[in-house]
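1. dropping a prediction and its sequence here:
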Amino acid sequence: MTPSPTTTIGVLALQGAFREHRQRLEALGARVREVRLPTDLSGLDGLILPGGESTTIARLMTDFGLWDPIREFHARGGALWGTCAGAILLAREVLGAPPQFGGQQDSLAVMDLSVRRNAFGRQVDSFHTGLDIPELGAPFPAVFIRAPVIERVGEGVEVLARHEGRIVLARQGRLLASSFHPELTPDTRLHALFLKMAAVPVPG
Ligand SMILES: NC(=O)CC[C@H](N)C(=O)O
């Protein structure tokens, strides 16, 4: 798909795999902006929250005053896609937060999911697999790195893929959450899907 030349996607560029997202989007012809400050959100159609370390990204989001501006961006119709740590940041409920955080962890709480951190084991348990995503056709090369799992989805959330029965890709309106890292493989089909979600005009 060729995105309209006006489709502009932001990539939250505080920590983690943001450069790779940028490359995948540019390969599809999208305009891309790295987002570090609330003012960087203006005029965007969508924003990607990358993988990395969710507690670190959350701390930097506090430092840069980004929590409410990102919530407001979404409330105005901006699409959001969280990959891995980014999916944790989107979720209404975060499970498995470390004890030093009192088992609690901040999130945007915009997507009706319960996400469990590090659900597939430790770093050595990182793996890749050909993931069946019916909407995309042929299996998608999915890289899981200390990945979270989506343990619960609310009404209105579509499950787009499972790995060994566990939910790893879900969509709710203009929100997309993936447990894995689509930006770490050359396959751009999920980035194309997100571009399509972000390009749909906001109703009203
Ligand atoms: N690859 C990743 O983004 C890992 C996520 C990380 N384990 C976290 O909980 O934040």
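-> Nice, thanks for sending it over. Numbering: from 1, shown residues only.
2. ok, which residues in the chain are in contact with the ligand?
-> Applying the criterion CB under 6 Å from any ligand atom, the portion of the chain that neighbours the ligand consists of Gly51, Gly52, Glu53, Ser54, Cys84, Ala85, Ile88, Arg117, Asn118, Ile145, Arg146. Yep, even glycine has a C-beta here, placed from its N, CA and C like the rest.
3. save the residues you listed as a markdown table, and put in neighbour count too.
-> Output for the residues of the chain next to the ligand, formatted as a markdown table (neighbours: other CB atoms under 10 Å):
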| residue | neighbour count |
| --- | --- |
| Gly51 | 32 |
| Gly52 | 21 |
| Glu53 | 14 |
| Ser54 | 27 |
| Cys84 | 30 |
| Ala85 | 26 |
| Ile88 | 31 |
| Arg117 | 21 |
| Asn118 | 15 |
| Ile145 | 19 |
| Arg146 | 18 |
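4. can you list which of those residues are found in helices?
-> Among the residues of the chain next to the ligand, the residues falling in helices (DSSP state H) are Ser54, Ala85, Ile88.
5. in the protein, which segments are predicted with low confidence?
-> Counting by pLDDT under 70, the ranges of the chain that qualify are 1-5, 122-124, 202-204.
6. middle-most residue in it, spatially?
-> Per CA atoms, centre = their mean, the C-alpha nearest to the average position across the chain is that of Gly82, at 1.0 Å.
7. identify the bridge partners of that residue.
-> Assessed by DSSP bridges, Gly82 has beta-bridge partners Leu49, Ala177.
8. could you pull out the helices for this structure?
-> Defined through DSSP H, the helices belonging to the chain, from first to last, are 18-27, 54-63, 67-75, 85-90, 189-199.
9. any idea which of the ones you listed is most buried?
-> Among the helices of the chain, ranked by average contacts under mean count of other CB atoms under 10 Å, first place goes to helix 85-90 (a mean of 29).
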